[in-house]
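Could you look at this predicted model? Sequence included:
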Amino acid sequence: MNLPLSSSRVLSGMRPTGRLHLGHYHGVLKNWVELQHRHECFFFVADWHALTTHYDDPSLIPASIWEMVIDWLAAGVDSESATLFIQSLVPEHAELHLLLSMITPLGWLERVPSYKDQQEKLKEKDLATYGFLGYPLLQSADILIYRASQVPVGEDQVAHVELTREVARRFNHIYGREPDFEERAEGASKKMGKKAVKQFNQLRRAYQEQGDDQALETGRELLEVQQNISVEERERLLGYLEGSGRLILTEPQPLLTNAPKMPGLDGRKMSKSYQNTIALRENPADVENRLKRMPTDPNRVRRTDPGDPQKCPVWQFHQVYSDDAVKAWVQEGCRSAGIGCLDCKGPIIESVLSELKPMQQRAVEFEAQPELVRRIVKEGSEKAGNVARETMQEVRQAMSLRSFE
Ligand code: TRP
Ligand code: SF4
């Protein structure tokens, strides 16, 4: 089977943490919903990753998985557009993780910033485990097994994507050198048609002999639009272009969202551990009450005291939800004490409620059909498994495994 252009495949995962909140929606899910229409997308529940920190009490993970998937669907992630699956239903991830562990220097893992950070942060847990050290490498396997070229993640995960790139490069370097590589690459190039072959060879020389980066870029683009070559041939030609071996695993790029940070009800980042969240399925009356009770500029004690939006968590909500006209109204009204804090919160309450409404309606539908949700995930996992198995065949072959098959 020919895969679609690898440049367009997107993969991302989330650890199952139970019901999601507006921070997840603005930071991640909204982005997924947009991406699913423009790219081939794989989104998965990283349940093995949850075990690396919750190995001592995994009993809550299953419920968290289903709550989270319902929230994905409620937020508009669409199983017709994207493939939704559960990591542990595609055990090939574990096989790739194991094989990658053979070539990954310990230092690379020890140097990943989240390793020490999380150990510090979760002091009550013993995270001096083999599994926890391997957390980012398991993530690399998640990404590489789909040959994803783009990985939407938050800032905190960029180092993991960077590690993934290094691991892919090392893998290709070690296992991409076939003895008859050049002849095979030449053979593959012939499939592109005379004109393209000529252009490819010129670009290849310009890059390898003169270090022309633009030629490398153009060469990659040329390969991407070729319809007549298989994935394997494309890998070989990419490697040939760059002067390396075959590029079996694809180096991914992190895809950062530029959405403004979602504040919590207390002005700190919205996070379950601060108990300052608005859950996607929170009852509208509660949402309204909690927004009304939300703290404001501490200097605005009386209605007649002027305030400073810069010192007020409500202002951060306006940055997420309000247009310029409303923002100007807040700035003016707050500083002149022309508006009260409840007035100021009015448009926010309205925006949050109308944003949640369609999600909550969809959530109710999915909650009523647990069989449907299970089927979506089961079918998604089968689809993901097919792609993963294809990559594993190449990986095994490259590592001289199962040569008798
Ligand atoms: N580590 C990610 C997080 O904590 C979850 C994750 C696991 C992931 N595997 C992934 C994200 C692969 C992107 C790609 O959010
Ligand atoms: Fe905050 Fe608005 Fe009150 Fe000013 S008027 S303190 S910005 S809630």
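Happy to help now that I have it. Ligands and ions are numbered 1, 2, ... in the order given.

gap between the closest residue to P113 other than its chain neighbours and ligand 2?
Nearest-residue entry for P113: A159, 5.5 Å, with adjacent residues in sequence omitted and distances by C-beta to C-beta, 6 or more residues apart in numbering. (Glycine included, C-beta is placed from N, CA and C.) When C-beta to the nearest ligand atom, to the nearest Å is applied, the distance between A159 and ligand 2 equals 36 Å.

how many neighbours does the closest residue to L265 other than its chain neighbours have?
When the adjacent residues along the chain are set aside, L265 lies closest to N276, with 4.4 Å between them (C-beta to C-beta, 6+ apart). Other residues within reach of N276, judged by other C-beta atoms under 10 Å, total 20.

is it fair to say N276 lies in a helix?
No: judged by DSSP: H, G, I helix; E, B strand; the rest coil, N276 forms no part of a helix; its state is coil.

Please verify my assumption that it contacts M270.
Yes: distance between N276 and M270: 6.1 Å, which falls inside the contact criterion (C-beta atoms under 8 Å).

Need the residues touching each of the two.
Shared contacts of N276 and M270 (C-beta atoms under 8 Å, 6 or more residues apart in numbering): G264.

Any figure for the gap between the residue nearest to L265 and ligand 2?
From N276 across to ligand 2, the span is 16 Å (C-beta to the nearest ligand atom).

For that residue, which residues are in contact?
For N276, the contact set (C-beta under 8 Å, 6+ apart) comprises G264, L265, D266, R268, M270.

three-state assignment of the second one?
Secondary structure state of L265, per three-state DSSP, is coil.

So that it lines up with my notes, have the first residue be 168 from now on.
Done: numbering now begins at 168, and the last item shifts to L432.

Please report phi then psi for it.
Dihedral pair for L432: phi -70, psi -20, per degrees, to the nearest 10.

show me what contacts it?
Contacts were defined as C-beta under 8 Å, 6+ apart; by that measure L432 touches N443, T444, I445, R457, L458, M461, P480.

Secondary structure element holding the closest residue to G507 other than its chain neighbours?
Counting by C-beta to C-beta, 6+ apart, G507 lies nearest to R470, which is 5.2 Å off, once chain neighbours are set aside. Under the criterion DSSP states H and E, no helix or strand holds R470.

roughly how far apart are R470 and L432?
Distance, R470 to L432, using C-beta to C-beta, to the nearest Å: 21 Å.

Does anything pack onto the helix or strand A492 falls within? Which helices or strands?
Here A492, judged by DSSP H and E, is contained in helix 491-502. Contact analysis of helix 491-502 by 3 or more C-beta pairs under 8 Å, 6 or more residues apart in numbering; DSSP states H and E lists helix 480-488, helix 508-534 as its packing neighbours.

Nearest to I312, out of these?
Nearest to I312, of all the helices and strands packed on helix 491-502, is helix 508-534, at 27.8 Å by C-beta to C-beta.

wait, does the closest one contact ligand 2?
Yes: for helix 508-534, a contact with ligand 2 is found by C-beta under 6 Å from any ligand atom, at C508, C511, K512.

give the contact list for the last one.
So that's K512. L458, K459, M461, V481.

one step back: I'd say the residue nearest to G507 and A504 touch.
Yes: with the criterion set as C-beta under 8 Å, R470 and A504 qualify as a contacting pair; they are 7.1 Å apart.
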